[in-house]
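Visitor: Here's my sequence, what's the structure:
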Amino acid sequence: MAYRKIPQSCDLVPPEDIVVRFTGRVKRAVLEAAGDLGDALIAAIGASLPVTASEFQALEQRVAKAVRQAVAAPVMRAVLQALHDDQRFVWACIDKARALRGLRPDRSSSVPVRLLCGEVAEVYTPYSLQPRAKRPGPKRPPGRHGIGGFGCFPVLAQVGIADRATPALRSEVAWATAALGSLAEAQASLARRGIELHVNVMRLISQRVADAGIADREAEAEPAKPSPLAGKSVIVAIDGGRIRLRRNKPGRPRKSGWHGYETPWREPKLMAVYTVGEDGRKDGEFLFYEGTLEPYDGAFVLFVRCLRRLGIGEARQVVFAADGSDHVWNRVPGAVKALGLDPDRVRTFVDFWHAVQHLHDASKLVGLTPYEASLRARAWRKLLKAGRAEVIANELGAAAAVASGEEAQKQLTNAAAYFRGNAERMRYPDLRAAGLPRGTGAVESAVRRVVNLRLKSTGTFWDEENAERMLLLRCRLKAGRWDDLEAAMHRHAFGLRGNALKHKRAQARTSTPP
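Guide: Model prediction:
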C-alpha cells in the first residue's frame, strides 16, 4: 500500500464520523438489480401457475431465492465496493486498527464475504497485522500467532464483518446454534432459508460471537443511565445446574487414533435478575440471566460486575434468594459490600419449597410409619410457613438424639443445622407482608431452559470453553436480550479472537491475585 505517515492520537479520525455518500454508482447497481428482478421472477414462476399446495410452496421458495440472488446480493456487493472506494474512510479504519491493537497496514487481498441472503460477495480489502518486531518469543512457522494475535481487515471490521461473514449473518447463525438442539438442527434450519453453511463454519461463527459477548461482560463499564432497576423491587436469584464435561485422559491416543476421555460433572452457576410488583409476582418489565462455569468465587465476581453494570444501586430494595447452599450465602455479604448497597434495603431468603423438601426427607428418618411421617411433615411445614424455623431445628435435633442408626442420626443432625443456620432467611411472614415472593421458581425455570434443554442430555459432553460460550448465548437468548449480544459483537469487531483471546484470559487469571 502507498506510504502514509503514522497519525498522532489527537489526529485520528473515527471511521464512524465519516459520511460515505450514497453515490451514483450504488444507485445504478440498485436500479440494475431491480431491472433484473423482473426477468428472474418470470423465470422462477415458469410456464404455468401453481394449482396445489405443494406447487404453491415450491413457487414461493423459488421466488424468494430469486429475489435474494437478483437484488440482495448485487446491492450488498455495490455497498461494500463503495465503502472501499472512499479512501478517507479506508485510511480511517486502518488508523483505528493501529490505535486499538498496534496493527500496521500490510497488503490488500480479495476476500469472500458471506451475506445474509446466502450469496458470497468478493471484495478487495486491505489487511493489517502486528509488526513482527513486537511479537514475543522465537520465530514461529507460518500459521502460528503469538499472544498479540493475528491481524484483521480494518474496513470489514469497522462494519462488523468478521470470519468472512456479515454481522447480520453472524447473528443469525449464533441465534440458530443457541436456540436449536444441535448444530445439525441449526444447519438444517438455515438451509431452509437459503443459507448453506458447513457445520464447522457455523461452529466457528457462533464461538466468535460468544467470545465477543464474554469479552464485553469482562470489561469494566459504567452503570446504565438511566438504570432499568431504578425505584424497583429487584430479585437476585442464584442456583446451579449440572452438565458433563469431556477431558482427555493423560497419555497418548490409542493405536486406533481415539483418545480416552473422562466425563466429570460440573455445576454451571446461574443468576436471574428480575423485578416484581407489589403482589410479589414478576412484573415482566425486566429480566436478565447470567451464567458461568467458574468456581463460586469467580462466579460472584462476574455477578457483582453484571449487577453494577445494571445499576442495581438505584433499586428500591434488593432481595437475594437461593436454596440453602453455603457456597452462595457465604458470599452474599461480600457481594452486598462490593456493590455498595445499603443493608437496610437488602433482604435474603431461602426458597420455601427447597426447605419443604428437606422437611419431607427428614420426616422419613424419625422412626414413624409413612402416614405418621406425612402428618409430621405437614406440621413442620405449618411452622415453617409461620417463620418458626428454630422450633423445627430443635425438634430435628431431639429426633437425631434418639434416632436408630448412625446414618439417620447424621442426616437429622444436618437437617437441624440447615434450619438453624438459615432461620433468619426463613421469615416468610415478613416477606409476605412486604409483598415479596418466597420461592425461586424463576431461576429454577431458567436453569431448565438455559442449561438442561441445550447443554445437558444423554451422551452430550462439553469442552469447558465451549460450554461457557453456549451458556452466554443461551442466557442472552432466553432473557430476550439478544440485542445486547449484537451490540457487544459490534464493539469487539477489532478485538482478539480464538486462541489469542484464550491466551490473554489465561494470562489475566494467572496475574490476578487470589
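
Visitor: what about the helices in the stretch 51-200 of the chain?
Guide: Counting by DSSP state H, counting those that start in this stretch, the stretch 51-200 of the chain has helices at residues 53-67, 73-85, 87-101, 154-158, 167-179, 183-191, 199-218.

Visitor: tell me the most buried of those helices?
Guide: Burial of those is given as mean neighbour count (mean count of other CB atoms under 10 Å); helix 154-158 ranks first at a mean of 25. C-betas here are computed from N, CA, C, even on glycine.

Visitor: Name the residues that touch it?
Guide: With contacts defined as CB atoms under 8 Å, 6 or more residues apart in numbering, helix 154-158 is touched by 15-16, 83-84, 89-90, 93-94, 96-97, 103, 111, 113, 123, 125-126, 128, 162, 493-494.

Visitor: N394 versus the residue in the chain sticking out farthest from the centre, what's the distance?
Guide: Distance from the centre of the chain peaks at V402, with 50.6 Å (CA atoms, centre = their mean). According to CB to CB, to the nearest Å, V402 and N394 sit 14 Å apart.

Visitor: which residues touch R309?
Guide: By CB under 8 Å, 6+ apart, the residues touching R309 are A221, E222, P223, A224.

Visitor: Output the longest helix belonging to this protein.
Guide: helix 24-45 (DSSP state H).

Visitor: Packing partners of that one?
Guide: helix 53-67, helix 73-85 (3 or more CB pairs under 8 Å, 6 or more residues apart in numbering; DSSP states H and E).

Visitor: Counting by contacts, list what the longest one packs against.
Guide: Spelled out, it's helix 53-67. helix 24-45.

Visitor: any idea of the angle the helix it packs on forms with helix 53-67?
Guide: Relative orientation of helix 24-45 versus helix 53-67 (axes from the mean of the first three to the mean of the last three CA atoms, to 10 degrees): 160 degrees.

Visitor: quick one: helix 24-45 to helix 73-85, angle?
Guide: 160 degrees.

Visitor: residue ranges with poor pLDDT in the stretch 1-150 of the chain?
Guide: Regions of the stretch 1-150 of the chain meeting the criterion pLDDT under 70 cover residues 1-7, 9-11, 22, 26, 30-31, 33-34, 36, 132-149.

Visitor: ditto for the stretch 401-514 of the chain
Guide: Looking at the stretch 401-514 of the chain by pLDDT under 70, you get 497-514.

Visitor: Now with 80, please.
Guide: Along the stretch 401-514 of the chain, the model assigns pLDDT under 80 to residues 495-514.

Visitor: Which parts of it are helices?
Guide: Going by DSSP H, counting those that start in this stretch, the stretch 401-514 of the chain shows helices at 406-421, 428-433, 441-446, 453-455, 464-478, 482-491, 498-511.

Visitor: Buried by neighbour count: which residues of the longest one qualify?
Guide: Neighbour-count burial for helix 406-421 flags A408, Q409, Q411, L412, T413, A415, A416, Y418, F419 (criterion: 16 or more other CB atoms under 10 Å).

Visitor: List just the nearest of those residues to S182.
Guide: Using CB to CB, Y418 is the member of these that lies nearest S182, at 39.4 Å.

Visitor: What score does the residue nearest to that closest one when sequence neighbours are not counted have for pLDDT?
Guide: In space, Y418 comes closest to G324 once its chain neighbours are excluded; the distance is 5.4 Å by CB to CB, 6 or more residues apart in numbering. At G324, the pLDDT value in this model is 83.

Visitor: if I read this right, G324 contacts R420, doesn't it?
Guide: No. Using CB atoms under 8 Å, G324 makes no contact with R420, being 11.1 Å away.

Visitor: before we move on, back to that, possible to save the contacts of R309 as JSON lines with distance to R62, secondary structure and pLDDT?
Guide: Formatted as JSON lines, these follow (distance: CB to CB, whole Å; DSSP: H, G, I helix; E, B strand; the rest coil; pLDDT from 0 to 100):
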{"residue": "A221", "distance to R62": "47", "secondary structure": "coil", "pLDDT": "80"}
{"residue": "E222", "distance to R62": "51", "secondary structure": "coil", "pLDDT": "83"}
{"residue": "P223", "distance to R62": "51", "secondary structure": "coil", "pLDDT": "83"}
{"residue": "A224", "distance to R62": "47", "secondary structure": "coil", "pLDDT": "81"}
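
Visitor: number of nearby residues for the nearest residue to A178 once chain neighbours are set aside?
Guide: Nearest residue to A178, sequence neighbours excluded (CB to CB, 6+ apart): L473, at 3.7 Å. If you count neighbours by other CB atoms under 10 Å, L473 ends up with 23.

Visitor: And K249, by the same measure?
Guide: Residues lying near K249 (other CB under 10 Å) number 10.

Visitor: Domain-wise, how is this structure divided?
Guide: Per the record, the chain has its domains at 233-349, 353-425, by automatic domain parsing.

Visitor: Give me the distance from the first one to the chain's centre.
Guide: What it means is domain 233-349. Offset of domain 233-349 from its chain centre (CA atoms, centre = their mean, to the nearest Å): 13 Å.

Visitor: And stretch 185-192, by the same measure?
Guide: 21 Å.

Visitor: tell me the mean pLDDT over that stretch?
Guide: 93.

Visitor: Give me the contact list for that stretch.
Guide: Applying CB under 8 Å, 6+ apart, the external contacts of stretch 185-192 come out as E172, V173, A176, T177, A179, L180, E196, L197, V199, M202.

Visitor: Contact partners for the fourth one?
Guide: When the contact criterion is CB under 8 Å, 6+ apart, the partners of T177 are L183, A186, M202, R203, S206, L473.

Visitor: Pipe these into CSV and attach distance to R305 per row.
Guide: CSV is the format used below for those (distance: CB to CB, whole Å):
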residue, distance to R305
L183, 30
A186, 30
M202, 30
R203, 28
S206, 24
L473, 19
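
Visitor: Out of those, the closest to D279 would be?
Guide: Once CB to CB is applied, the member of these that ends up nearest D279 is L473, at 33.1 Å.

Visitor: The closest one: what's it in contact with?
Guide: A174, T177, A178, S206, V209, A210, G213, L485.
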